[in-house]
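Novice: Show me the folded form of this:
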Amino acid sequence: MREELAAIGVEYDEVLKRFMGKEDFYLRMLKKFLDDKNYDGLKQSVADCDWKTAFNHAHTVKGLCGNLGLGGILEHIAPLTEELRHEPYDEGKIRDYMVQADQAYEQTVAVIRSL
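Specialist: Numbering: from 1, shown residues only. Just a heads-up that it's a prediction; the model follows:
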């Protein structure tokens, strides 16, 4: 399991400290991540060029990924969040970050489902 999580950017020992060493609790929270709709909201908001709503979704996803140690997604969501924080918005950069985030998100979801 550690190898699979490392492949999606999880520093297992570090993240487990946040969960007081309770691996079963951490795994339950990872599974709950699959139910969260903020990433879907982010994708829709970007598709609609609704940048303020996209920022709110991106900020929430960033927090979830940070808490869960999902570094693969966080690597792309963090700069996306910053890009959406202030006007003027650079639509090209936003869409580039989304392409990268989508790849990381799909890989992460696949690994979590396999656990």
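Novice: Excluding chain neighbours, what is closest to residue 55?
Specialist: Sequence neighbours aside, residue 84 is the residue nearest to residue 55 in space, at 3.9 Å (criterion: C-beta to C-beta, 6 or more residues apart in numbering). Just so you know, the C-beta spots here come from the backbone N, C-alpha and C atoms, and that holds for glycine as well.
Novice: After the helix or strand containing that neighbour, which helix or strand is next?
Specialist: Secondary structure assignment for residue 84, by DSSP states H and E: helix 71-85. Next helix or strand after helix 71-85 toward the C-terminus (DSSP H and E): helix 91-114.
Novice: Run the chain-centre distance for that next one.
Specialist: Relative to its chain's centre, helix 91-114 lies at 8 Å (C-alpha atoms, centre = their mean, to the nearest Å).
Novice: That one vs helix 71-85, what angle?
Specialist: 150 degrees (axes from the mean of the first three to the mean of the last three C-alpha atoms, to 10 degrees).
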